[in-house]
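Asks: Could you look at this predicted model? Sequence included:
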Amino acid sequence: MKRKPLIAAAIFAEGMLAALHASAHTGAGLRGGLVAGALHPWTGFDHLLAMVAVGLWGAFLERRLAVALPIAFPLMMVAGAALGMRATPLPPVQPAIATSVLVLGTCIACAWRAPAWLALTIVGVFALFHGYAHGRELPSAADPIGYSAGFVVATGLLHVGGIAFAELATRVPRLPLTRVAGAAIAAAGIAFLDRSLGP
Amino acid sequence: MNAVALPLVLLGLATGVAIAPAARSTRAIGFVAFALLAGIVARLASPIPLDAALRGSWIVIGLCAGAIHLPRTSGRLALVFACASGGCAGMLAASSAALPEGYVLPPAIAALALASWCLCHGAHVAVKILASWLVAIALLMASLHGVPVTPGDRLDHLE
């Protein structure tokens, strides 16, 4: 019986570590529409892991932050998307996204209970960069309304998935599954950072 | 009609969320006012440019959904939101020569029923998160109106 959580944790960690490259948004021409927008955040491990990490960290921190982080993230992401659509210059976006995966994973792995203002600031700044990347890619041709609605809802669902995982993980005694997941996310973040800074 | 279908659905959802915290009688009055205004305005109002109608819709969706974060929502404010949302849905439908009922009423009923249930059973979190998604979509779309050409269909940020 005790081996089941260990096996589950090993499979989860393996899944995270197997993400050798960020395969997000490989198409040069994005499709529009609700379904395309909803699928967009699921197609790239860098965005996906950051969204899940926000939910995980929120659940790990105090109760009100479990609510505040998934509320703040989409709003700051929209601010970033608005900057991206206007092509406002920002520091290199891809390393910032990779750093967000690394930092959020490390925060979870180290079980760092940051003060509320600091957690919100960290998540808000990273959300700005994720939103910027999405804003630069927002399709102009086909149904941008549906696309935006789809990717905001999918992003929110990933946060909820992270919160749900953290809640379920607390039911497994003597195994810090959330922290293990955080470590795996941080490891993936190192790979993303290496790729984004590489030649 | 396709251009306004999703905004109408989002208006319905936002209205359901906005009036859910009110008392039962206020919810009923708000919902009826929303449905009547949407239908009447759609049939009687002279069409305005679609872009202006959409702009108004995003503002109303943002305000309706954002109201859930207020510490206390008065019944009067819920009614104001319901009327504004109904009028907006009507204008949106009128600008595209369509009838709004099929698009706004099912999501409004679903959101109202679910949000009321969640608020009664202490699941405020779920309603607040849903509302924040609606606010995010409304803000994003409102900001999209100010951009002449979106930068879509460019090479990916990882390419």
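Replies: Great, that's in hand. Given the structure is predicted, the values throughout are model-derived calculations rather than measurements. Numbering: from 1, shown residues only, chains lettered A, B, ... in the order given.
Asks: which stretches of chain B form strands?
Replies: In chain B, no segments count as strands under DSSP state E.
Asks: for it, what spans make up the helices?
Replies: For chain B, helices defined by DSSP state H occupy the ranges B:2-19, B:24-44, B:50-66, B:75-95, B:101-120, B:124-145.
Asks: Please apply the same query to chain A.
Replies: According to DSSP H, the helices that chain A contains are A:3-17, A:34-39, A:45-60, A:63-85, A:93-109, A:116-137, A:144-169, A:177-197.
Asks: To chain B, which of the ones you listed lies closest?
Replies: Evaluated over the helices of chain A, closeness to chain B peaks at helix A:63-85, with 3.8 Å, by Cβ to the nearest Cβ. C-betas here are computed from N, CA, C, even on glycine.
Asks: rewinding a little: mean neighbour count, the helices of chain B: which tops it?
Replies: Stretch with highest mean neighbour count among these: helix B:2-19 (a mean of 25; mean count of other Cβ atoms under 10 Å in any protein chain shown).
Asks: Show me what that one packs onto, helices and strands only.
Replies: Helix B:2-19 makes packing contacts with helix A:144-169, helix B:24-44, helix B:50-66, helix B:75-95, helix B:101-120, helix B:124-145 when contacts are defined by 3 or more Cβ pairs under 8 Å, 6 or more residues apart in numbering or on different chains; DSSP states H and E.
Asks: Mind doing that once more with 6 Å?
Replies: If you count contacts as 3 or more Cβ pairs under 6 Å, 6 or more residues apart in numbering or on different chains; DSSP states H and E, helix B:2-19 packs onto helix B:24-44, helix B:50-66, helix B:75-95, helix B:101-120.
Asks: hmm, back to that, between the helices of chain B, which one is nearest to A:Ser148?
Replies: helix B:124-145 (4.8 Å; Cβ to Cβ).
Asks: Next, format the helices and strands packed on helix B:2-19 as JSON lines and append mean pLDDT and distance to A:Ala119.
Replies: Shown next, in JSON lines, are the helices and strands packed on helix B:2-19 (pLDDT from 0 to 100; distance: least, Cβ to Cβ, whole Å):
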{"stretch": "helix B:24-44", "mean pLDDT": "91", "distance to A:Ala119": "35"}
{"stretch": "helix B:50-66", "mean pLDDT": "89", "distance to A:Ala119": "22"}
{"stretch": "helix B:75-95", "mean pLDDT": "90", "distance to A:Ala119": "31"}
{"stretch": "helix B:101-120", "mean pLDDT": "90", "distance to A:Ala119": "25"}
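Asks: Let me have those helices in JSON lines, extended by distance to chain A.
Replies: Formatted as JSON lines, the helices and strands packed on helix B:2-19 follow (distance: least, Cβ to the nearest Cβ, whole Å):
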{"stretch": "helix B:24-44", "distance to chain A": "19"}
{"stretch": "helix B:50-66", "distance to chain A": "8"}
{"stretch": "helix B:75-95", "distance to chain A": "12"}
{"stretch": "helix B:101-120", "distance to chain A": "12"}
